[in-house]
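>>> Give me a model of this one.
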Amino acid sequence: MPVLNRIAAYAEEMKTWRRHLHQHPELSFDCVQTAAFIADRLREIGVDEIHEGIAQTGIVAVINGTGAGPTIGLRADMDALPIEETTGAEYTSTVPGKMHACGHDGHVTMLLGAAKYLAETRRFTGRVALIFQPAEEDGAGGMVMVNEGIMDRFAITQVYGIHNAPNLPFGHFFTTPGALMASVDTAFVYITGKGGHGATPHDCIDPVVATVAMVQAVQTIIPRNVYALDEAVISVTQIHTGTASNIIPEEAMFCATIRSFKPDVRALLKKRFHEIVEGTALAFNVTARVDYDWGYPATINTPDEAAFASAVAAEVAGDEASHPNSNREMGSEDFSYMLEARPGAYLFLGTGPGAGLHHSAFDFNDEAAPIGASFFARLVERAQPVS
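You can find the predicted model right below:
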């Protein structure tokens with residue numbers, strides 16, 4: 001069984017924790033009840049230090065090992081999403097319009113399970129810093145915790161995290177050295193023309209046709225400006241304009257999500273996006289304003305730590321269940337800020353068939369929690385062994 005025996009004994013307790021968290025989702029930095037629940041469990045577990053109120057509702061807890069040594073950081077995000085749940089589970093969300101649709105309730109549970117084991121056994125040197133982070137979905141809580149100095153304050157030398165992955169093989173771990181997840185930027189474009197009657201377009205300056213031209217043109221950036229082997233995505237996700245069938249509107253807007261892995265590609269995408277919007281606006285005699293939100297950077301694993309994490313995953317789950325050179329993906333993750341600050345790695349843990357992330361029918365597979373907890377625990381014992 002790919003679970004440490006002692007952690008296997010916690011399985012029912014971990015399920016209770018996870019389902020409580022699932023029933024009480026909170027958004028962004030407003031994880032007050034979530035943080036209080038975590039802090040109560042940490043006190044029961046017997047960790048050595050609990051530091052609350054980091055990034056408003058974040059927590060860093062410390063467990064001291066046997067003897068001197070470095071500090072390894074383990075991170076779990078804890079915020080939910082503004083989605084109405086449709087799972088029909090008996091432990092469904094009690095908060096209308098909010099649910100744990102990304103499995104952060106499971107991530108917290110995995111880290112608490114590892115904390116219970118590590119506080120009980122202490123078969124490691126140095127310290128473990130347990131990082132419970134708010135606002136992964138919205139607000140860059142990872143960046144805020146880093147900016148508030150957790151890496152230096154707790155002398156963290158390396159940092160690791162896990163994300164559950166529905167519809168990947170149950171109990172399998174996936175990661176890769178280098179870029180694992182993309183950066184994400186968002187562009188909001190506001191176009192202004194001159195409105196009027198749809199029957200007299202010659203008296204108007206039509207923002208609709210300008211918007212259509214811009215949307216079509218920005219789709220040429222990747223195939224014509226980006227090297228074919230440098231993956232990138234531009235997806236226009238919203239277009240808003242108009243109020244009636246016979247009125248040419250005064251204004252229009254569209255927005256796009258823009259994703260890549262390399263800093264130079266990221267900069268090129270921004271440059272070309274602005275150039276195309278400005279040039280098209282000039283051609284169509286409209287004005288255009290671009291609000292370009294520079295979002296999460298790419299999640300980049302350091303090679304040595306990624307290889308080490310994969311080796312630990314193989315020990316926990318078996319060689320056939322550890323995939324150290326997996327495909328990277330265009331999703332994004334604010335654990336990237338922690339990996340910019342310290343060496344480390346991020347992994348996906350397959351949870352088997354089910355609704356996808358951010359779906360109203362998503363539910364974390366409780367059977368995966370002891371596996372993730374075992375990975376975290378063994379990672380610490382292997383990184384900082386007792387001689």
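>>> only C-alpha atoms for contact and neighbour calcs from this point on.
OK.
>>> Which stretches in this protein count as helices?
Using DSSP state H, the helices assigned to the chain run over residues 5-8, 11-23, 32-45, 104-121, 141-147, 150-153, 207-218, 221-225, 263-284, 303-317, 335-341, 369-383.
>>> of all those, which lies closest to residue 293?
Between residue 293 and the helices of the chain, the tightest spacing by C-alpha to C-alpha is seen for helix 263-284, at 10.0 Å.
>>> what comes up buried for that closest one?
Applying a neighbour-count criterion of 16 or more other C-alpha atoms under 10 Å, the buried positions in helix 263-284 are 265-266, 269-270, 272-274, 276-278, 280-281, 284.
>>> Among these, pick out the one closest to residue 377, please.
Distance to residue 377, by C-alpha to C-alpha, is smallest for residue 266 among the buried residues of helix 263-284, at 36.1 Å.
>>> which residue packs closest to that closest one, ignoring adjacent ones?
For residue 266, ignoring the flanking residues on the chain, the nearest one in space by C-alpha to C-alpha, 6 or more residues apart in numbering is residue 260 at 5.9 Å.
>>> what bridges to that neighbour?
Beta bridges link residue 260 to residue 183, residue 232, judged by DSSP bridges.
>>> Would you mind stating the distance between it and residue 292?
Summarising the geometry, the distance separating residue 260 from residue 292, computed by C-alpha to C-alpha, to the nearest Å, is 15 Å.
>>> Which residue of those two possesses the greater neighbour count?
Between residue 260 and residue 292, residue 260 has the larger neighbour count (other C-alpha atoms under 10 Å), namely 27 against 17.
>>> how many neighbours does the residue lying closest to residue 277 once chain neighbours are set aside have?
Sequence neighbours aside, residue 214 is the residue nearest to residue 277 in space, at 5.9 Å (criterion: C-alpha to C-alpha, 6+ apart). By other C-alpha under 10 Å, 20 other residues sit near residue 214.
>>> ok, now residue 117?
Residues lying near residue 117 (other C-alpha under 10 Å) number 21.
>>> Pretty sure it sits against residue 9.
No. Contact criterion C-alpha atoms under 8 Å: residue 117 and residue 9 do not qualify, at 10.2 Å.
>>> export the helices of the chain to TSV and tack on mean pLDDT and distance to residue 129?
What follows is the helices of the chain, written out as TSV (pLDDT from 0 to 100; distance: least, C-alpha to C-alpha, whole Å):
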stretch	mean pLDDT	distance to residue 129
helix 5-8	92	19
helix 11-23	98	20
helix 32-45	98	12
helix 104-121	98	10
helix 141-147	98	13
helix 150-153	98	9
helix 207-218	98	44
helix 221-225	98	41
helix 263-284	98	30
helix 303-317	98	17
helix 335-341	98	13
helix 369-383	98	10
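>>> just so I know, which of the ones you listed lies nearest residue 159?
Among the helices of the chain, if distance is taken as C-alpha to C-alpha, the winner is helix 335-341, at 7.2 Å.
>>> helices and strands around the closest one, which ones?
For helix 335-341, the elements it packs on are helix 141-147, strand 156-165, strand 299-301, judged by 3 or more C-alpha pairs under 8 Å, 6 or more residues apart in numbering; DSSP states H and E.
>>> residues making contact with stretch 332-341?
If you take C-alpha atoms under 8 Å, 6 or more residues apart in numbering as the criterion, stretch 332-341 is touched by 136, 140-143, 146, 151, 159, 161, 181-184, 296-302, 345-346.
>>> same question, stretch 357-371
In this structure, residues lying in contact with stretch 357-371 by C-alpha under 8 Å, 6+ apart are 2-3, 7-8, 10-11, 14-15, 18, 81, 83-87, 99-103, 105-107, 109-110, 113, 164-166, 170-171, 316-317, 349, 351-352, 354-356.
>>> Please apply the same query to stretch 163-176.
Surrounding stretch 163-176, the residues in contact under the criterion C-alpha under 8 Å, 6+ apart are 2, 103, 106-107, 301, 306-307, 310, 313, 317, 321-328, 346-357, 364, 368, 371.
>>> Buried ones in it, by neighbour count?
Per 16+ other C-alpha under 10 Å, stretch 163-176 contains these buried residues: 163-166, 168, 170-176.
>>> picking up where we left off before, winner for burial among the helices and strands packed on helix 335-341?
Comparing these by mean neighbour count (mean count of other C-alpha atoms under 10 Å), strand 299-301 ranks first with a mean of 26.
>>> out of the contacts of stretch 357-371, which are buried?
Buried members of the contacts of stretch 357-371, counted by 16+ other C-alpha under 10 Å: 2-3, 7-8, 10-11, 14-15, 18, 81, 83-85, 87, 99-103, 105-107, 109-110, 113, 164-166, 170-171, 316-317, 349, 351-352, 355.
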